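>>> sharing a model that was predicted from the sequence below.
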Amino acid sequence: MGDFPHYDVIIIGTGAGGGTLAHRLAPSGKRVLVLERGDYLPRERDNWDSTAVFVKGKYRAPEFWLDKDGNEFPPEVNYYVGGNTKFYGAALFRLRPEDFGELRHHDGVSPAWPIRYEDLEPYYTEAEHLYLVHGRHGEDPWEGPYSGQYAYPPVEHEPRIQQLSDDLEKRGLHPFHLPIGVDLTQDASGGATHSSVCIRCNRVDGFPCLVRGKSDAQVICVEPALRHPNVELVTNARVTRLETDPTGRSVTAVVAQLPGAEQARFSGDIVVVACGAVNSAVLLLLSANDRHPGGLANSSDVVGRHYMRHNNLALMAISKEPNDTQFQKTLALHDWYLGADDWDYPLGGIQMLGKSDAEQIHGEAPRWAGAVAPDMPFEVLAHHAVDFWLCGEDLPQPGNRVSLDTDGRIRLTLDEKNNIAGLDRLRHKLQHMLGHLGMREHHLLPHSIYLHKGMPIGATAHQAGTVRFGDDPASSALDVNCKAHDLDNLYVVDTSFFPSIGAVNPSLTAIANALRVGDHIVERLS
């Protein structure tokens, strides 16, 4: 094993997968090393500044990836303790039971998983309780069975969103409270109590939380794990490759670049990769050797392939009445998740976004020239804005892939028109309802500041699928426990393992799966 530090488990990455796994393993007493390529996110006023976060991208990783034509683009990635959960909207949905089976879409098939909804259900309940999810099971008629109610009541709608909910119900639809992870205690009127950590502000979506009120992996999992003496965290440690023994069956060293050009090596009985779907695939590809010429865990040639990122639309509607809502992300609608009366294929889901403000709208202004009444200043527009997020399923295509250029740069090849017919229909459903929802007819403006200036390839927040799991080593990289088929001690526990992505935010599924794999690893080590 060499004379470098040895651990029972090494976890690479501290996001929804890696951070949660560290939390699961901490009480086992096993020696756990967690490596994070970034540092702690600085706590400063810019955390909540729209211009700093959205317009200038202050906290975005200062790197560029290449698209299929070799053009550079800035990916929506953040390297900090807590990973991308520092910036996520904390919408923590379960996949539907149907998402685990084969689903036929307009443009192809969403493949079945090697596990069923029932296998993950107890872990979904645990994940909801761990991440302080506020919601109410039973409101959405299309959700799967649940073994436990949410531990926290839903975040109450503010008046304009309550009106929207009532108007949707009058149209025979089934809006429900969006499940969201916040450390919020509400008073009788739904406001934050004086002792609540979350203050119910308008900065939950896309901003890091300055008051630690959002359930991110740092606050919920990494810091509690570090209270155990057997868990150690090294920040600013960018893992550059994994080395194996001569047989190629076992990872023997994790090589990391530390600040000041210093290289460090660590060894572990078990090594877990959780760097995000793009970077996990990249690390496995960079670790190619004589026994694994195509990269680690890649005898099937699927590593890096089947990249998925949801077909998303962020849209701003103009309300006739002012919208004074602060905490807008409280409502979702899944009536057309699996299909509609006029369409046999899944459309996807609608949910509220964080409330847009004048700075974000100003950042969009050139794209909207002529689309909005010119006599409506940004402040007024912001005051009347109601923000929606439409989410449709992206299908796994082998050609949608992460690969490395000869100089080691990350290339993301993407067919951006993959399975978008359902999303188009979902948009029309919303558009046709606007007049009945107290909004201006035909006023849906593309809110691309959430989608990196309208470049779908840059919107990598929901990345998944590049190291898929399955029963057949010929068509998958990982087994049902997320262990590499080709190696005895290598696991992957971020969203890379997804064979399909459904049409809801992937975080809760990554969290639940990390708990499931954590139980398997604890059992294996005992």
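Received, thanks.

>>> surely Val9 forms part of a strand?
Yes - membership of Val9 in a strand is supported by DSSP: H, G, I helix; E, B strand; the rest coil.

>>> distance of it from Ile410?
According to Cβ to Cβ, to the nearest Å, Val9 stands 27 Å off from Ile410. In this view, the C-beta of every residue, glycine as well, is placed from N, C-alpha and C.

>>> what's the answer for Gln257, then?
As judged by Cβ to Cβ, Gln257 and Ile410 stand 16 Å apart.

>>> how about the helices in the stretch 1-150 of the chain?
Taking DSSP state H, counting those that start in this stretch as the test, the helices found in the stretch 1-150 of the chain are 18-25, 50, 117-130.

>>> can you show me the strands along the stretch 201-350 of the chain?
Using DSSP state E, counting those that start in this stretch, the strands of the stretch 201-350 of the chain run over residues 231-234, 238-244, 251-258, 262-273, 311-319, 331-333, 349-352.

>>> quick one: closest of those to Ala464.
Nearest to Ala464, of all the strands of the stretch 201-350 of the chain, is strand 311-319, at 13.0 Å by Cβ to Cβ.

>>> so what secondary structure elements neighbour that closest one?
Identification of packing neighbours for strand 311-319 by 3 or more Cβ pairs under 8 Å, 6 or more residues apart in numbering; DSSP states H and E yields helix 378-384, strand 385-392, helix 421-433, strand 439-446.

>>> list the buried residues in the longest one.
In other words, helix 421-433. Using 16 or more other Cβ atoms under 10 Å as the test for burial, helix 421-433 gives Ala421, Gly422, Leu423, Arg425, Leu426, Arg427, Lys429, Leu430, Gln431, Met433.

>>> verify the stated contact: the last one with Gly172.
No - between Met433 and Gly172 no contact is recorded; they are 11.2 Å apart, counting by Cβ atoms under 8 Å.

>>> circling back to that earlier point, Val9 and Ile410: which is more packed in?
Val9 (26 against 19; other Cβ atoms under 10 Å).

>>> contacting residues for that one?
Leu25, Lys30, Arg31, Val32, Leu33, Gly268, Asp269, Ile270, Val271, Val272, Ile521, Leu525 (Cβ atoms under 8 Å, 6 or more residues apart in numbering).

>>> repeat that with 7 Å
Leu25, Lys30, Val32, Gly268, Asp269, Ile270, Val272, Ile521 (Cβ atoms under 7 Å, 6 or more residues apart in numbering).

>>> also Tyr337?
Counting by Cβ under 7 Å, 6+ apart, Tyr337 makes contact with Arg96, Trp142, Pro346, Gly348, Gly349, Ala503.

>>> and which of the residues you listed is nearest to Gly470?
Nearest to Gly470 among the contacts of Tyr337 is Arg96, at 20.0 Å by Cβ to Cβ.

>>> before we move on, what SS does the residue lying closest to Ser28 once chain neighbours are set aside have?
Distances taken as Cβ to Cβ, 6 or more residues apart in numbering put Val522 closest to Ser28, at 5.0 Å, once the chain neighbours are dropped. Remark: Val522 carries the secondary structure label helix [criterion: three-state DSSP].

>>> count of neighbours near Val522?
Around Val522 there are 16 other residues, counting by other Cβ under 10 Å.

>>> measure it to Pro27 for me?
For Val522, the distance to Pro27 equals 9 Å [Cβ to Cβ].

>>> got it, and Phe469?
In terms of Cβ to Cβ, Phe469 sits 26 Å off from Pro27.

>>> and what of Leu283?
28 Å.

>>> of the two, who's got more company?
Under the criterion of other Cβ under 10 Å, the comparison of Leu283 against Pro27 puts Leu283 first, with 24 against 13.

>>> you'd agree the more buried one is up against Val273?
Yes - counting by Cβ atoms under 7 Å, Val273 is a contact partner of Leu283 at 6.0 Å.

>>> done for today, thanks.
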